[in-house]
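S.K.: give me the fold of what follows.
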Amino acid sequence: MVPRSLLFLFLAAPLVAQQAASNSRESSQTYHPPVSGPKLYQAYCAVCHGSDGKGDGPAAATLKTWPSDLTTIAKRHDGNFPVLHVAEKIEGDNMVGAHGSREMPLWGPVFRSIAHGHDDSAQRRMNNLLTYLESIQEK
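M.R.: Numbers count the residues shown, from 1 in each chain. Modelled structure (predicted):
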């Protein structure tokens, strides 16, 4: 179970970014949620996994389980980046209740909700995030 304060941090980070973006623009412009892989990563993942993906984000110490080092995913899978496995972890749609809860937020529903009403689809966001994660793998 995610502590309430941490859940707030997860959900508030993109809203804080949105407010900052809207404060820095003229009122006639509207905020568009991030679509690029690096921007999605910074908005949704870096708070726990760190800006470089090493698992040392500012919220990491508040979690029961330390966040994974995302730069070693391929190394842990015989040198291959398991795109579908990583996508399932991010989306959280295929969780088995008997395996217990998880602290990582389910980003699939978030991406689907922010895509509603915008030209950029949730699948495009997921693909961009996966491409980014693959690009930061240690060789």
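S.K.: where does pLDDT dip in this protein?
M.R.: Scanning the chain for pLDDT under 70 picks out 1-28, 31, 93-102, 116-120.
S.K.: mind listing the helices for it?
M.R.: In the chain, the helices defined using DSSP state H lie at 4-23, 37-44, 46-49, 83-91, 107-115, 122-135.
S.K.: what are the buried residues along stretch 84-95?
M.R.: Residues 86-87, 89-91 are the ones in stretch 84-95 that count as buried (16 or more other CB atoms under 10 Å). In this view, the C-beta of every residue, glycine as well, is placed from N, C-alpha and C.
S.K.: and of those residues, the nearest to D52?
M.R.: For those, the residue nearest D52 by CB to CB is V86; the value is 17.2 Å.
S.K.: if we can go back for a sec, turn the buried residues of stretch 84-95 into a markdown table, columns for distance to L133.
M.R.: A markdown table is the format used below for the buried residues of stretch 84-95 (distance: CB to CB, whole Å):
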| residue | distance to L133 |
| --- | --- |
| V86 | 6 |
| A87 | 10 |
| K89 | 10 |
| I90 | 9 |
| E91 | 13 |
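S.K.: which among those residues gets closest to P105?
M.R.: Among the buried residues of stretch 84-95, I90 lies closest to P105 (CB to CB), at 9.4 Å.
S.K.: what sits against the closest one?
M.R.: Neighbour list for I90: 107-108, 126, 129-130 [criterion: CB atoms under 8 Å, 6 or more residues apart in numbering].
S.K.: and if we set it to 6 Å?
M.R.: Shown in contact with I90 (CB atoms under 6 Å, 6 or more residues apart in numbering): W107.
S.K.: I'd like to know how far it sits from I73.
M.R.: From I90 over to I73 the distance is 12 Å, taken as CB to CB, to the nearest Å.
S.K.: and for N80?
M.R.: Distance check for N80 against I73: by CB to CB, it reads 9 Å.
S.K.: who has more neighbours, the two?
M.R.: Each of N80 and I73 has its neighbours counted (other CB atoms under 10 Å); I73 has more, 22 against 11.
S.K.: return the backbone torsion pair for that one.
M.R.: Backbone torsions of I73, given as degrees, to the nearest 10, read phi -60, psi -50.
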